[in-house]
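A.B. asks: 3D, please:
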Amino acid sequence: MKKMKAMQIPAAGEKMQLVEVPVPQPAEGQVLLRVEACGVCNGDSMAMGGAASAYPRIPGHEVIGIVDELGAGASKWKIGERVGIGWNGGHSHVTGLTMDGGYAEYMVAYEDSLSSIPNEISVMEAAPLMCAGETTFSAIKNSKARPGDLVAIQGIGGLGHLAVQFASKAGYRTVAISRGNDKEALARELGAHHYIDSEQEDPAEALQALGGAKVILATAPNAKAISSLINGLGQDSELIIVAGSTDPLELSAMDFLKGPNTVKGTFTGGPKEIQATINFSILTDTRPLIESYPLDRASEAYDKMMSASTRFRAVLNISE
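C.D. replies: Below is the predicted model of the structure:
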């Protein structure tokens with residue numbers, strides 16, 4: 001029986017371990033992927049914390065791989081094609097949560113949950129686009145903003161540094177909001193037209209001075225900071241939250257009557273949305289800034305991501 005290396009969570013709440021397990025076999029409608037790269041995402045903490053459907057579990061939902069074997073009835077992909085999969089594993093599954101994910105040399109996936117990954121983008125740069133990239137891209141794409149409108153990105157981290165690029169390259173007047181001035185040069189390099197240092201000025205007031213934002217995308221999980229941003233919106237505008245935080249927002253009815261404005265959250269999509277993200281990223285040369293780790297250092301990469309000290313996305317290089 002063919003074996004593979006994988007980082008596996010033995011039980012809920014336990015740390016990952018490097019193990020050697022049998023290579024999984026694709027069932028009907030599935031394919032076997034030889035994993036090349038897997039992004040390390042905050043969503044992986046759900047499997048670490050006990051939310052997986054069963055243990056042991058292999059996490060990882062920002063996966064790029066090569067189709068290595070076809071299951072019965074699988075005909076959408078050919079052996080040797082490069083594909084990607086995100087959070088939505090298809091057939092009511094969540095990649096890395098209810099089915100094993102990409103912290104491994106191989107994984108199985110439903111063929112209709114996959115997106116094509118052209119050679120114009122590297123596997124390492126494509127991996128974060130499966131979740132972080134798609135989430136921010138779709139949030140902006142489906143927002144009320146139109147080319148030329150003012151779009152503000154709160155937080156210049158793993159999500160925000162991609163959102164700034166997407167907004168700027170889609171034709172929006174882009175504002176980056178972060179604490180301190182240490183990220184201003186990078187934000188402008190990524191395409192931001194304006195930079196607001198939230199330690200030096202009130203972001204809402206600064207946005208109003210620019211005419212009011214049509215859309216504010218909140219990518220940093222700070223409920224107090226997010227709540228205050230609603231006052232930076234213009235007329236008939238929206239605050240879109242993609243940052244995961246369990247803290248309650250501090251909003252009143254009057255905050256909504258001033259606009260009228262909308263506050264909403266959004267979550268990652270499926271293969272259709274991922275494909276659109278990949279296509280746009282290639283067309284506009286949008287790329288994540290990444291740190292590369294080998295598979296056996298996945299725990300280190302995960303811990304660094306959870307402490308928000310990664311600049312800006314951690315990716316496991318499994319093909320080497």
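A.B. asks: In the stretch 101-250 of the chain, what residue spans correspond to strands?
C.D. replies: Using DSSP state E, counting those that start in this stretch, the strands of the stretch 101-250 of the chain run over residues 106-110, 115-116, 150-154, 173-178, 194-197, 213-218, 233-241.
A.B. asks: Distance-wise, check Ile117 relative to Arg313.
C.D. replies: Noted for Ile117: a distance of 16 Å to Arg313, by CB to CB, to the nearest Å. For the C-beta atoms, the positions are set from N, CA and C on the backbone; glycine is no exception.
A.B. asks: thinking again about what came up before, can I get the strands of the stretch 101-250 of the chain in JSON lines including mean pLDDT?
C.D. replies: Shown next, in JSON lines, are these (pLDDT from 0 to 100):
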{"stretch": "strand 106-110", "mean pLDDT": "98"}
{"stretch": "strand 115-116", "mean pLDDT": "98"}
{"stretch": "strand 150-154", "mean pLDDT": "98"}
{"stretch": "strand 173-178", "mean pLDDT": "98"}
{"stretch": "strand 194-197", "mean pLDDT": "98"}
{"stretch": "strand 213-218", "mean pLDDT": "98"}
{"stretch": "strand 233-241", "mean pLDDT": "95"}
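A.B. asks: Could you identify which of the ones you listed is most buried?
C.D. replies: strand 150-154 (a mean of 29; mean count of other CB atoms under 10 Å).
A.B. asks: Adjacent strands (with direction) for that one?
C.D. replies: strand 173-178 (parallel), strand 213-218 (parallel) (DSSP bridges).
A.B. asks: orientation of the last one relative to strand 233-241 in degrees?
C.D. replies: So that's strand 213-218. 20 degrees (axes from the mean of the first three to the mean of the last three CA atoms, to 10 degrees).
A.B. asks: what secondary structure does Arg311 sit in?
C.D. replies: Each residue gets one of three states, and Arg311 gets coil by DSSP: H, G, I helix; E, B strand; the rest coil.
A.B. asks: Could you do Pro26 as well?
C.D. replies: coil.
A.B. asks: Over to Asp255?
C.D. replies: helix.
A.B. asks: thinking it is in contact with Ile230, fair?
C.D. replies: Yes - using CB atoms under 8 Å, Asp255 makes contact with Ile230 at a distance of 4.9 Å.
A.B. asks: Have a look at those two and say which one is more surrounded.
C.D. replies: Counted by other CB atoms under 10 Å, Asp255 and Ile230 do not tie: Ile230 has more neighbours, with 23 against 18.
A.B. asks: returning to what we had before: need the residues touching each of Asp255 and Ile230.
C.D. replies: The overlap between the contact sets of Asp255 and Ile230 (CB atoms under 8 Å, 6 or more residues apart in numbering) consists of Asn261.
A.B. asks: Contacts for the lowest-mean-pLDDT helix or strand in the chain next, please.
C.D. replies: Sorting the helices and strands of the chain by mean pLDDT, DSSP states H and E puts helix 253-257 at the bottom, at a mean of 80. Residues outside helix 253-257 that contact it (CB under 8 Å, 6+ apart) are 230-231, 261-263.
A.B. asks: Select only the buried ones of those in PyMOL?
C.D. replies: To isolate the buried members of the contacts of helix 253-257 in PyMOL, using 16 or more other CB atoms under 10 Å:
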select buried, resi 230+231+261+262+263
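A.B. asks: Excluding residues flanking it in the chain, which one is nearest Asp202?
C.D. replies: Nearest residue to Asp202, sequence neighbours excluded (CB to CB, 6 or more residues apart in numbering): Ser228, at 7.6 Å.
A.B. asks: Check the one you found and give its pLDDT.
C.D. replies: We have a pLDDT of 91 for Ser228.
A.B. asks: now it: how far from Ala204?
C.D. replies: Ser228 is 6 Å from Ala204, by CB to CB.
A.B. asks: do the same with Val263
C.D. replies: For Val263 relative to Ala204 (CB to CB), the value is 14 Å.
A.B. asks: Need the overlap of contacts for the two.
C.D. replies: Ile230.
A.B. asks: Mind naming the longest helix for the protein?
C.D. replies: helix 271-284 (DSSP state H).
A.B. asks: and that one, what other elements does it pack with?
C.D. replies: strand 82-85, strand 115-116, helix 132-141, helix 160-169 (3 or more CB pairs under 8 Å, 6 or more residues apart in numbering; DSSP states H and E).
A.B. asks: Looking at the ones you listed, spot the one closest to Gly269.
C.D. replies: Closest to Gly269 of the helices and strands packed on helix 271-284, according to CB to CB: helix 132-141, at 5.4 Å.
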